[in-house]
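[1] Quick one: sequence plus predicted model below, questions after.
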Amino acid sequence: MAKKESTFTNMLLTLVLVSLISSAGLGFIYEVTKEPIAVAKDNKKRLAIKRVVPVFTNNPSDQALKIPADNDTVYIYTAINGTDTVGYAIETFTNKGYSGYFKLLAGFLPDGSIYDIAVLEHKESPGLGDQMLKAKSDWSNQFEGKNPENFTLKVSKDGGNVDAITASTITSRAYCDAVQRAYDALKKGGQQ
Amino acid sequence: MKQWKNFAKGFIKENPVFILFLGLCPTLGTTGSAINGISMGLATMAVLVMSNVVISVFGKFIPAKVRIPSYIVIIASFVTIVDLLMQAYLNTPGPHGEPSLYDSLGIFIPLIVVNCIVLGRAEAFASKNTVLTSLIDGVGMGLGFSFALFLLGSVRELLGAGSIFGMKFIEGNGILLFVMPPGAFLALGYLIAIMSKIKNQLVNS
């Protein structure tokens, strides 16, 4: 069969048809995957929260307390087991990383001490700054069980209590900055 | 026999990465590890096969002057479909909080739209051939691309982190350079040299 001629009507008709069929197909797939995508996103958050607070029975990501901080927002998720509040998972951030922005999820116990911290998103250098990840080194374990009230969240070079990652002082400072922001948000949230 | 040749050409003789040098942006960007490389290759292959089939069927109804915009709309739709499906079903983080496959491929999935291989095969092959030939071409080229990305990803992961698919082979931290962008260029350069050698020997024999 010969190629269709490139007349104005032919071209218009083809483009309209191609776009129509494509959008119909896309709309269908969007409807089909809408549920699974929402579930996957929820699941991801739930798994992350599970890693930083003790065992809970509610769904913390249902209710997030939003605290504005430095032109951005810190989210507080409350973990409840039965009727007792067992901890707070706080989605916090910093702009001071070696590659700028990164996001942490810091878990606090109700008394304000740190339970565990996980990195959600980062662009720090592989092999250097990324040692803040649990999978790469146990550097971040030093925060566990510490209460920022009497544990100064600053690297020892700046007069704090945190041992910096070797050759990654900037990342270490940024990490402390993010955790401090989470702690401040927790204090602010507690007063409300 | 003819179809077999059509299928096999994507691996060495017309390998999209090593011989045709197409689609180098995702090749360099996603091959920090073997698993990322091969998943990126397979995602591209899915798009390539679907767009090849559709264009070989409907290609003759599309007037020549609007064929490129039509192809791009078709390809973009398939890429969005793959993106949505991956977001729904390949989005579970690892046991220690490693990013999910969808998260680690990130921006490179939507960027398959501008991958030259997909548009290149649509324009140069699928629009002139039958459905079956185009399907086989898509699978062959897609597997060739996946193979190249897997090879590059494995080499970089082995040298940079001492592991393949996350399994440790060499103790210690590895040569960091190979996980970072300069290592991608270096490793790709050497692989291209080796593949050209192999291709020349195949042609001469």
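    All right, it came through fine.
[2] Okay, now the sheet partners of the helix-or-strand element of chain A with minimal mean pLDDT, with direction.
    Using mean pLDDT, DSSP states H and E, the weakest-scoring helix or strand in chain A turns out to be strand A:64-69, at a mean of 83. Using DSSP bridges, the strands paired with strand A:64-69 are strand A:72-81 (antiparallel).
[3] and the strand it pairs with, C-alpha only, in CSV?
    Only the C-alpha atoms of strand A:72-81 are listed here, as CSV (Å, rounded to 0.1, in the frame of the first residue of the first chain):
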residue,chain,number,x,y,z
ASP,A,72,9.9,24.4,54.0
THR,A,73,7.9,21.9,56.1
VAL,A,74,8.8,19.3,58.7
TYR,A,75,6.3,16.5,59.1
ILE,A,76,5.7,14.8,62.4
TYR,A,77,4.1,11.3,62.3
THR,A,78,2.9,9.9,65.6
ALA,A,79,3.3,6.2,66.3
ILE,A,80,0.8,4.8,68.6
ASN,A,81,0.7,1.2,70.0
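[4] Buried ones in it, by neighbour count?
    Across strand A:72-81, burial judged by 16 or more other CB atoms under 10 Å in any protein chain shown covers A:74-79. Quick note: C-beta positions are derived from backbone N, CA and C, even for glycine.
[5] Could you do stretch A:143-162 as well?
    A:143, A:146, A:148, A:151-155, A:160-162.
[6] Need the three-state assignment for residue 150.
    Answering for chain A, as no chain was given. Following DSSP: H, G, I helix; E, B strand; the rest coil, the label given to A:N150 is coil.
[7] my question was about chain B
    Under three-state DSSP, B:F150 comes out as helix.
[8] Please report how far the most centrally placed residue in chain A lies from B:L158.
    Centroid-nearest residue in chain A: A:L120, 4.0 Å away (criterion: CA atoms, centre = their mean). Between A:L120 and B:L158 the distance is 29 Å, computed by CB to CB, to the nearest Å.
[9] Quick check: pLDDT value at A:K4.
    A:K4 carries a pLDDT value of 69.
[10] now do A:Q192
    47.
[11] And A:L128, by the same measure?
    82.
[12] Would you list the phi and psi of it?
    Backbone torsions for A:L128, taken as degrees, to the nearest 10, come to phi -110, psi -80.
[13] just checking, what packs against the longest helix seen in chain A?
    Secondary structure assigned by DSSP state H gives helix A:8-52 as the longest helix of chain A. Packing partners of helix A:8-52 (3 or more CB pairs under 8 Å, 6 or more residues apart in numbering or on different chains; DSSP states H and E): strand A:84-97, strand A:100-108, strand A:114-121, helix B:67-89.
[14] now with 10 Å?
    Contact analysis of helix A:8-52 by 3 or more CB pairs under 10 Å, 6 or more residues apart in numbering or on different chains; DSSP states H and E lists strand A:72-81, strand A:84-97, strand A:100-108, strand A:114-121, helix B:34-58, helix B:67-89, helix B:101-105 as its packing neighbours.
[15] how far off helix A:8-52 does the third one point, in degrees?
    Compare the direction of strand A:100-108 with that of helix A:8-52 by axes from the mean of the first three to the mean of the last three CA atoms, to 10 degrees and you get 40 degrees.
[16] Now do strand A:100-108: distance to the chain's middle.
    Relative to the centre of its chain, strand A:100-108 is centred 6 Å away, using CA atoms, centre = their mean, to the nearest Å.
[17] Report the buried residues of it.
    With the criterion 16+ other CB under 10 Å, strand A:100-108 contains buried residues A:102, A:104-108.
[18] go on, the last one?
    Of the residues in helix B:101-105, those with enough neighbours to count as buried (16+ other CB under 10 Å) are B:101-102, B:104-105.
[19] ends of stretch A:117-134, how far apart?
    This stretch, stretch A:117-134, spans 9 Å end to end (CA to CA, to the nearest Å).
[20] does that stretch come close to chain B?
    Yes. Counting by CB under 10 Å from any CB of the partner chain, chain B has neighbours in stretch A:117-134: A:118-122, A:125-128, A:133-134.
[21] Show me which of these are buried.
    The neighbour count (16+ other CB under 10 Å) marks A:118-120, A:122, A:125-128, A:133-134 as buried among those.
[22] Any stretches of the chain with poor pLDDT?
    By default, I'm working from chain A. Low-confidence segments of chain A, defined by pLDDT under 70: A:1-4, A:190-192.
[23] Correction: the question concerned chain B.
    Ranges of chain B meeting pLDDT under 70: B:1, B:96-97.
[24] contacting residues for the residue nearest to the centre of chain A?
    Taking CB atoms under 10 Å, 6 or more residues apart in numbering or on different chains, we find A:L120 in contact with A:44-45, A:48, A:91-93, A:102-105, B:93, B:97, B:99.
[25] how close does the residue nearest to B:L20 when sequence neighbours are not counted sit to B:S163?
    Closest residue to B:L20 apart from its sequence neighbours, by CB to CB, 6 or more residues apart in numbering or on different chains: B:E14 at 6.1 Å. B:E14 sits 31 Å away from B:S163, going by CB to CB.
[26] Then A:F28?
    41 Å.
[27] about what we covered before: find the pair from the buried residues of helix B:101-105 with maximum spatial separation.
    Farthest pair in those (CB to CB) is B:Y102 and B:S104. Separation: 7.6 Å.
[28] joint contacts of these two?
    Common neighbours of B:Y102 and B:S104 (CB under 10 Å, 6+ apart) are B:39, B:93.
[29] SS state for the nearest residue to A:A106 once chain neighbours are set aside?
    Counting by CB to CB, 6+ apart, A:A182 is the residue found nearest to A:A106 once chain neighbours are left out, at 4.1 Å. Counting by three-state DSSP, the backbone at A:A182 sits in helix.
[30] dump the residue contacts of A:A182.
    So A:A182 contacts A:67, A:69, A:74-76, A:88-93, A:104-108, A:114, A:117, A:148, A:153 (CB under 10 Å, 6+ apart).
[31] Also B:T130?
    Contacts of B:T130 by CB under 10 Å, 6+ apart are B:56-57, B:136.
[32] Just the closest of the residues you listed to B:L20, please.
    B:I136 (17.6 Å).
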